[in-house]
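*Asks:* Take this sequence and fold it.
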Amino acid sequence: MNQPAETKLSRPAIWALILTGAASFMAALDNLVVTTALPAIRADLGGGLEDLEWTVNAYTLTFAVLLMFGSALGDRFGRRRLFIAGLVVFTGASAAGAMSSGIDQLIAARAVQGVGAAIMMPLSLTLLTAAVPAARRGVALGIYGAVSGLAVATGPLVGGSITEHISWQWIFWLNVPIGLAVIPLSRLRLAESTAPNSRLDIPGTLLISGGLFGIVYGLVTANIHGWTNATVLTSLIGGGVLIAGFVGHGFRSANAMLPMRLFRDRGFFGINIASLMMYLGMFGSIFLLSQFLQGVVGYSPAEAGLRMLPWTGMAVIVAPIGGVLSDRIGGRPVVVAGLALQAIGLGWFAMILSTDLSYAAQLPALVLSGIGMSLFFAPAGNLLMSTVTAADQGKASGANNALREVGGALGVAVLASVFSAQGGYETPQAFTDGTVPALWIGAVVLAVASALALLLPGKAEIAESQAQAPAEEASAPAPAPAPAAAPAPTPVRVG
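*Replies:* Numbering: from 1, shown residues only. Below is the predicted model of the structure:
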C-alpha cells in the first residue's frame with residue numbers, strides 16, 4: 001500500500017535534513033576531533049599541557065555558554081539568517097585554526113568556532129522540525145540524530161586518521177568546503193521563520209551566559225587544578241547562583257528566554273534530565289575507554305578509533321530505525337530501551353576490563369553500548385519538540401543542547417576524577433583500576449536515567465495533548481484592546 005502523501009518527506013524537508021545535518025555534523029565533530037591530534041599540535045606549535053587542554057576546552061566553553069543565546073537570536077531576528085551567520089563564523093574560524101602559527105592563535109580560533117557552533121546547532125534542530133510534518137518527524141530526526149551521534153563518537157577516529165596520514169591542519173580545513181557549500185544552499189533552500197512576538201531577554205541572557213560559563217569553566221578546569229581549588233569552587237558556586245537567578249527570572253518574567261512553565265510539562269522536564277544524564281555517562285566513558293585502547297592495549301589513535309566503531313558507528317544503522325520505531329510505538333519505550341542498553345554495555349565493560357582484555361571479549365559491550373546510544377538520539381529530539389509549541393521550539397532546542405553540553409563536560413570531569421582517585425597513568429594496571437569504578441558510575445547514571453524515562457508521556461498522551469492545544473488556543477479569550485492612545489504592536493513576520 002502506498003504511503004499517504006502527507007506523511008512523505010517533501011523536497012523542502014529533504015533539503016532541510018541535508019543542510020541541517022551537515023551543519024550539525026561539523027559542530028558535533030569538532031567537540032572531540034582535536035583530542036587525538038594534540039601530540040602533533042604540540043610538536044608543531046609548542047605549548048604546555050594546560051595550553052593543549054584549552055585547545056579542546058575553548059570550543060566546549062563558548063559552545064555551551066552561548067547555545068541559548070544563539071537560539072534566542074534566531075527566534076528574534078530570523079532562524080535561517082542566524083543559522084547562516086553561525087555557519088559563516090564557524091567556517092571562517094576553521095580556516096583560521098588551520099592557518100594558526102602559534103598555540104594562542106589556535107585557542108582563539110577554537111573559541112570563535114564555538115561561537116559559530118552555538119548559533120547554528122540549536123537552530124538546525126528548529127529549522128528541521130519546522131520543515132518536516134509531524135507524522136514523519138521521527139524518521140527525519142532519526143537520520144539527524146545518526147549524523148550528530150556519529151560525528152560526536154567518531155571525532156577521535158577522524159582526528160587521529162587525518163593527523164596520522166595527512167596533517168593536523170586538515171582536521172580544520174575539512175570544515176571549509178562543507179561550510180562554503182552549505183551557506184548559499186541554506187539561503188536558497190531553507191524557509192525563514194521567527195518566533196511570534198519574540199524579544200531579546202537581556203537579564204536572562206546575562207544570567208544564563210554567566211551561569212553556564214561558571215559551571216562549564218569549573219568543570220573543564222577541575223581536573224587541571226583540583227576540585228578544591230579556589231578558582232574552581234568560585235566558578236562552580238558562582239555559576240550555580242547565577243543559574244538559580246535565571247530560574248527565578250524564568251518564573252517572574254513575561255519575556256523570559258526560557259519560561260520555567262515549560263518544565264511543568266513532565267515530558268519536557270523528563271527528556272531534558274535524561275539527555276543530561278545520557279551525555280554524562282556516554283562522554284565520560286568514551287573519554288576513558290578510547291584512552292584504555294591506546295594506553296593499555298597499545299593501539300594507535302586511528303586503530304583505537306576504528307575498534308570503537310561497533311559502538312560509535314552504530315548510529316548510522318540504528319538511529320534511523322529508532323526514529324521509525326518512535327513514529328510507530330512512541331518515543332518513550334525507545335528512549336527507555338536505549339538508556340538501559342547503554343547502561344548494560346558500560347556495566348559489561350566494567351565487569352570484564354583487564355590489562356589483557358582481548359578485542360573479541362569487548363565486542364558484546366561495544367555493540368550493546370552502540371545500539372543503546374543510537375536508539376536514544378531520534379526519539380529524544382522528537383519527544384522534546386512534541387512537548388512545546390512552534391513558538392517555543394527554539395528555546396527548547398537551545399535549552400536541551402546546553403544541558404547536553406553541561407552533561408558531557410560533567411561526565412568527563414566526574415569520571416576522570418573517579419579515575420584519578422582510584423588509579424592513574426603510571427602503569428596499565430593503574431589505568432585499569434581507575435577506569436573500572438568510573439565505568440560503574442557511568443552505568444549507574446544511565447540506569448537511573450532509564451528508570452526516570454519510564455515517567456515520560458506515552459504516544460497516546462502526547463497525541464491527545466497536541467490535539468487539545470489548538471482547541472485551547474482557539475477557545476482562549478481574545479486579549480483586551482489596547483487604549484486608543486497606544487500604538488499598535490508591530491507584527492512579526494513568520495515565513
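
*Asks:* Please pull out the lowest mean pLDDT helix or strand from this structure.
*Replies:* helix 459-475 (a mean of 59; mean pLDDT, DSSP states H and E).

*Asks:* isn't I215 right next to L236, touching?
*Replies:* Yes - using CB atoms under 8 Å, I215 is in contact with L236, at 6.3 Å. Placement of C-beta: from N, CA and C, glycine included.

*Asks:* Export stretch 255-275 to CSV, keeping only CA atoms.
*Replies:* The C-alpha trace of stretch 255-275 is given here as CSV (Å, rounded to 0.1, in the frame of the first residue of the first chain):
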residue,chain,number,x,y,z
ASN,A,255,9.5,37.7,28.3
ALA,A,256,11.9,35.1,29.7
MET,A,257,14.5,33.5,27.4
LEU,A,258,13.4,30.1,28.9
PRO,A,259,10.0,30.2,30.5
MET,A,260,10.0,27.9,33.5
ARG,A,261,6.4,27.0,32.6
LEU,A,262,7.9,24.6,30.1
PHE,A,263,9.3,22.4,32.9
ARG,A,264,5.8,21.9,34.2
ASP,A,265,5.3,19.5,31.3
ARG,A,266,6.8,16.2,32.6
GLY,A,267,7.8,15.3,29.1
PHE,A,268,9.9,18.4,28.6
PHE,A,269,11.4,18.1,32.1
GLY,A,270,12.0,14.3,31.8
ILE,A,271,13.7,14.3,28.3
ASN,A,272,16.0,17.2,29.3
ILE,A,273,17.1,15.4,32.5
ALA,A,274,17.5,12.1,30.5
SER,A,275,19.6,14.0,27.9
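
*Asks:* That stretch: which residues count as buried?
*Replies:* Buried residues in stretch 255-275, counted by 16 or more other CB atoms under 10 Å: 256-259, 262-263, 267-275.

*Asks:* Pick out the most distant pair among the residues you listed.
*Replies:* The most widely separated members of those, counting by CB to CB, are A256 and A274 (23.2 Å).

*Asks:* surely L106 meets D44?
*Replies:* No - contact criterion CB under 8 Å: L106 and D44 do not qualify, at 9.7 Å.

*Asks:* Between these two, tell me which one has more neighbours.
*Replies:* L106 (28 against 16; other CB atoms under 10 Å).

*Asks:* Tell me which helix or strand the more buried one sits in.
*Replies:* According to DSSP states H and E, L106 maps onto helix 103-131.

*Asks:* so S369 sits right up against L346, yeah?
*Replies:* Yes - between S369 and L346 a contact is recorded at 6.4 Å, counting by CB under 8 Å.

*Asks:* Below-threshold pLDDT in the stretch 51-200 of the chain: ranges please.
*Replies:* Within the stretch 51-200 of the chain, the ranges that satisfy pLDDT under 70 run 52-53, 138, 149, 152-153, 196-198.

*Asks:* So which residues of it form helices?
*Replies:* 79-98, 103-131, 137-165, 170-173, 175-189 (DSSP state H, counting those that start in this stretch).

*Asks:* So for T389, which of the ones you listed sits nearest?
*Replies:* helix 103-131 (11.6 Å).

*Asks:* Check the offset of the closest one from the chain's centre.
*Replies:* Put simply, helix 103-131 sits 11 Å off its chain's centre (CA atoms, centre = their mean, to the nearest Å).

*Asks:* What of stretch 134-150?
*Replies:* So, by CA atoms, centre = their mean, the centroid of stretch 134-150 is 14 Å from its chain's centroid.

*Asks:* List every C-alpha atom in that stretch, with coordinates, as PDB.
*Replies:* Extracted C-alpha coordinates of stretch 134-150, given in PDB (Å, rounded to 0.1, in the frame of the first residue of the first chain):
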ATOM      1  CA  ALA A 134       4.800  15.600  12.500                       C
ATOM      2  CA  ALA A 135       4.000  12.100  11.100                       C
ATOM      3  CA  ARG A 136       7.500  11.800   9.600                       C
ATOM      4  CA  ARG A 137       9.400  13.700  12.200                       C
ATOM      5  CA  GLY A 138      10.700  10.600  14.000                       C
ATOM      6  CA  VAL A 139      12.400   9.300  10.800                       C
ATOM      7  CA  ALA A 140      13.900  12.700  10.000                       C
ATOM      8  CA  LEU A 141      15.200  13.300  13.500                       C
ATOM      9  CA  GLY A 142      16.500   9.700  13.500                       C
ATOM     10  CA  ILE A 143      18.700  10.500  10.500                       C
ATOM     11  CA  TYR A 144      19.700  13.800  12.000                       C
ATOM     12  CA  GLY A 145      20.500  12.100  15.300                       C
ATOM     13  CA  ALA A 146      22.500   9.400  13.500                       C
ATOM     14  CA  VAL A 147      24.600  12.100  11.800                       C
ATOM     15  CA  SER A 148      25.100  14.100  15.100                       C
ATOM     16  CA  GLY A 149      25.900  11.000  17.100                       C
ATOM     17  CA  LEU A 150      28.300   9.600  14.500                       C
END
